[in-house]
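Enquirer: prediction below, plus the sequence it came from.
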Amino acid sequence: MAQRSGTASLPLHHGRVPRWLANRMATLGAAITEAVVLNEGRSGFLTRLSDPFWFQAFGAVLGMDWHSSGITTSVLSALKRGLKPRAGELGIHVCGGRGKQSRRTPQELVDLADRKGIDGDRLVRISRLTAKVDNTAVLDGYALYLHGFVVTDDGDWVVVQQGMNGEDRQARRYHWHAPSVTSFVNEPHNAVIGEPCGEIINLTDHRATDARRASVDLLDSGPGAVVDEFLAISGGRHLAMPAHHDVRVSDVFVRRLHGVLALARESGTADFQDLLLTRGLGPRTMQALALVAEVTCGAPSRFDDPARFSFAHGGKDGHPHPVPLRIYDQTIATLRRSLQDARIGQSEKIRAFARLDERARALETASKTDDPDLEAIIESEWRHSKERGGMTVMGPVSPAVEKKVRGPAPSTKPKQLKLFG
């Protein structure tokens, strides 16, 4: 996974995360974190967190709106709440947040450093420098309003922060990772790119060395000045999410989704239940678990279509479908049981999640059938939503909620999908 992961541009969304979802996000987010730590260590989790594509997929599998700016705030908040009781055991600490919480980051880091015996002054300096660089040294039209600092007991760290461009109604997320940063003022990012919004002043570009030096010289000599150095920026990984709320075929690598659906259909066999070592799971829960397994174990190249992960637990705005609370709770219960067994030395169940991901990829490449019909999949999810405890920010699933989310019912009979019975 790339260490310098670039940025993500997201449509600005307002609203709130309802308590019924926020609590589940905190629980599932902490469980996924623990599973990643068991497989890859704390540094492996930070590496994943530093990748904008993985971060977006992580938020989608937790049931947040798959493409909105709110994923950044809600994921960091969920991790902060969910990991706090386990911080001593896992050695991962989430500091900062949005608005006033971001301004408390330095004190949180100092308090943490005192408890853990790490260099607090260094962490505070890093926190302030990363914020200053993205807010002041890179003048791209985005003003920071969120600053998250994730640090381990070893002193390894990741910074995830987000800025807002109110005129364009866009947000931009920035990712920093300790191993990749050799200088905070000379190209600390791999790139800062996005939709064109005029010329950008980037005083961290290697070609701006003279400009930085001149700025210091001018400050030393007395008068203030604005350095008129406009630079083009290119390269690196950048996630640009669309403005539309609904999930479309263009947003999803449908062949990969086919592997997950085929896995759900296959899960009825006794052999596959033995693989998971957990009986009683239905096909729909298996679908959610397969996507959770991919977030936990998947390769970096698998996260270039974050929308696909919204088919685990839907989204609070009803896209691609309402959050199925019964499926969500079964996912949490299954993963927590597996983690509990792993803690007492029975690691077979947690390894089964890695095999879930492997099996889904095998079915994806082996299938000779046509790719699934995305509209039919979404139609099936809505059709079964009530029996699965479907919820949105507007409340439980009902004809009125469905009409508000999806518009008037189609005049033609919807296609039937037989994968989920």
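Expert: Perfect, I can see it now. Numbering: from 1, shown residues only.

Enquirer: could you look up the SS state of the residue nearest the centre of the chain?
Expert: Geometric centre of the chain, nearest residue: residue 55, 2.6 Å, by CA atoms, centre = their mean. With DSSP: H, G, I helix; E, B strand; the rest coil as the basis, residue 55 sits in helix.

Enquirer: tell me, how many residues neighbour the nearest residue to it once chain neighbours are set aside?
Expert: Excluding its sequence neighbours, the residue lying closest to residue 55 (CB to CB, 6 or more residues apart in numbering) is residue 49, at 6.4 Å. C-beta coordinates here come from the backbone N, C-alpha and C atoms, glycine included. Using other CB atoms under 10 Å, residue 49 has 26 other residues around it.

Enquirer: do residue 68 as well
Expert: Residue neighbour count, defined by other CB under 10 Å, stands at 26 for residue 68.

Enquirer: just to revisit the earlier point, pLDDT value on the residue nearest to the centre of the chain, please?
Expert: Here the pLDDT value assigned to residue 55 is 93.

Enquirer: hmm, it is touching residue 8, no?
Expert: Yes: with contact defined as CB atoms under 8 Å, residue 55 and residue 8 form a contacting pair (7.4 Å).

Enquirer: re earlier: surely the residue nearest to residue 55 and residue 159 touch.
Expert: No: Residue 49 is beyond contact range of residue 159, at 9.9 Å (criterion: CB under 8 Å).

Enquirer: tell me, what's touching those two both at once?
Expert: 150, 175 (CB atoms under 8 Å, 6 or more residues apart in numbering).

Enquirer: residue 319 in helix, strand or coil?
Expert: Under three-state DSSP, residue 319 comes out as coil.

Enquirer: give the contact list for it.
Expert: Residue 319 neighbours (CB under 8 Å, 6+ apart): 65-66, 245-247, 310, 405.

Enquirer: one more time with 7 Å, if that's ok
Expert: The contact partners of residue 319, by CB atoms under 7 Å, 6 or more residues apart in numbering, come to 66, 245-247.

Enquirer: for it, what are phi and psi?
Expert: phi -120, psi 130 (degrees, to the nearest 10).

Enquirer: how confident was the prediction at it?
Expert: Looking at residue 319, the pLDDT reads 92.

Enquirer: now residue 337
Expert: If you check residue 337, the pLDDT there is 84.

Enquirer: any idea how many residues pack against it?
Expert: With other CB under 10 Å as criterion, residue 337 counts 13.

Enquirer: check which helices and strands the helix or strand hosting it is in contact with.
Expert: Assigned by DSSP states H and E, residue 337 belongs to helix 325-343. Applying 3 or more CB pairs under 7 Å, 6 or more residues apart in numbering; DSSP states H and E, we find helix 325-343 packed against helix 19-49, helix 283-297, helix 348-366.

Enquirer: so for it, what gets flagged as buried?
Expert: 325, 327-328, 330-332, 334-335, 338-339, 342 (16 or more other CB atoms under 10 Å).

Enquirer: for stretch 291-299, same thing?
Expert: Quick answer for stretch 291-299 (16+ other CB under 10 Å): 291-298.

Enquirer: repeat that for stretch 357-377.
Expert: 357, 359-361, 363-364, 372, 374, 377.

Enquirer: repeat that for stretch 10-17.
Expert: 10-11, 13, 17.

Enquirer: and for stretch 251-264?
Expert: Of all the residues in stretch 251-264, those buried under the rule 16+ other CB under 10 Å are 251-252, 254, 256-264.
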